[in-house]
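Enquirer: What would the 3D arrangement of this be:
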Amino acid sequence: MDKLRTLFDIPLTGDPLARLVLDEKLSGKVVVLCGWGGWDTADLGACVSRFTALLKEHGLAPASRPRLLVAVREDDLPASVLERADPVTTKVHWWWDVCGRLDTATVAASVRRQSPWRTTKGKVAILRQQVATEVLIEVAGPDLLLAEHLARSWNGQVSTLAEQIEALPYDAIDDVLPAEIDGRTGGARPPQALRSAWRKGVVDRWDRRIRISPAAKLSSADHGNLDTLIWRGQSRALTPLVDGCRARLEKVLRDNASKSVIELLERGQDTHDWRRTRSRPGTLELGAMAWAVSSRRAQLSRPDAELLFCARDVRNSLAHLRPLTDEELDQLAAVMPETLW
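Expert: Numbers count the residues shown, from 1 in each chain. This is a model prediction of the structure:
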């Protein structure tokens, strides 16, 4: 316990931890110990395991008891102390599932003010920025270094994203991770199979999923399905816009189509071209409206028709878990009315 004696100037005689517990100057206070920098692992483990026992042994009232806060890395304490801590008297808080979507977005926004995304203006640039922001957040996840790197260096193009991720100078990692990772596990602490990768900062739980950083240079099979992450980000950015397009086009079509066509679309009449697409009650879906226009049962102006078919294609791509290409994003921006931004 030499480290404890040195930190709190405790005399050499007697039990230093008992003296700490009974020190009136520490009554009701929080005693903070940092587990690295000169601590013996066994001594620190003894401090943690004996502290609450000494409080009870000396009969200190709850309000008069000092509290012990120990900040450690996993190897700074004996494994038995971490795994067998009494949950009634000792709470173990792991740095796991700490960062959320807002943290990643904040890091990206603080850097992005000077990013190349802001060098152009117009509808295409606006859509690019909206989509790239959500894709960046989804791709980086809990890896805040990756979020900062992408916010500073990535131009928002889907085609250049993998190259920018690869450019982040992470060291190669030899860990062999499980082929499948159940995101429902590890609610309070990293699963044992992921501990090594977690200590290296490439695995964490974020947004209710266990995430492996796409920037991790893993020797095992590729766990970072980049297309899936891009699709998730695009879905978050584009779904509200596509819904806005659908609502606008429904109003235009209801104003121009015959009552019988509207009734047909609302009933969800099965046709070969329509592929059994059915509208929600009282709602005209994009597929149904596109069928009506392509079969000449309804007419729209050329800009509205282009918007309808483009929005339908975007919705179908996202529904089939396929991320959009840069060209498809540009096409959507070109036909999107400015009133929907």
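Enquirer: In the protein, where is pLDDT below threshold?
Expert: Within the chain, the ranges that satisfy pLDDT under 70 run 1, 12, 113-121, 172, 174-186, 217-224, 268-281, 340-341.
Enquirer: Quick check, central residue of it?
Expert: residue 141 (3.7 Å; Cα atoms, centre = their mean).
Enquirer: can you map out the strands along the protein?
Expert: Remark: strands assigned in the chain by DSSP state E are 30-34, 67-71, 172-173, 203-206, 209-212, 217-218.
Enquirer: Who does the first one pair with, and is each partner parallel or antiparallel?
Expert: If I follow you right, that is strand 30-34. Note on strand 30-34: by DSSP bridges, its sheet partners are strand 67-71 (parallel).
Enquirer: outside of the partner strand, which residues touch it?
Expert: Counting by Cβ atoms under 8 Å, 6 or more residues apart in numbering, strand 67-71 makes contact with 29-35, 44, 47-48, 51, 77, all of which sit outside it. The way it works is simple: take the backbone N, C-alpha and C, and place the C-beta from them, glycine included.
Enquirer: okay, it in PDB with CA atoms only?
Expert: Presented in PDB, the C-alpha positions along strand 67-71 are these (Å, rounded to 0.1, in the frame of the first residue of the first chain):
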ATOM      1  CA  ARG A  67     -16.800   7.000  -1.200                       C
ATOM      2  CA  LEU A  68     -14.100   5.500  -3.400                       C
ATOM      3  CA  LEU A  69     -14.000   6.300  -7.100                       C
ATOM      4  CA  VAL A  70     -11.400   4.300  -9.000                       C
ATOM      5  CA  ALA A  71     -10.600   5.000 -12.600                       C
END
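Enquirer: how about that strand: buried residues?
Expert: Across strand 67-71, burial judged by 16 or more other Cβ atoms under 10 Å covers 68, 70.
Enquirer: again with stretch 138-147
Expert: Going by neighbour count (16+ other Cβ under 10 Å), the buried part of stretch 138-147 is 138-144, 146-147.
Enquirer: and those residues, which two are the farthest apart?
Expert: The span of the buried residues of stretch 138-147, defined through Cβ to Cβ, is set by 138 and 144 at 13.9 Å.
Enquirer: Mind listing the shared neighbours of those two?
Expert: Counting by Cβ under 8 Å, 6+ apart, residue 138 and residue 144 have no common neighbour.
Enquirer: Can you say which of the contacts of strand 67-71 are buried?
Expert: Judged by 16+ other Cβ under 10 Å, buried ones among these: 31, 33, 35, 44, 47-48, 51, 77.
Enquirer: So residue 310 versus residue 166, what's the distance?
Expert: Note on residue 310: its distance to residue 166, by Cβ to Cβ, to the nearest Å, is 32 Å.
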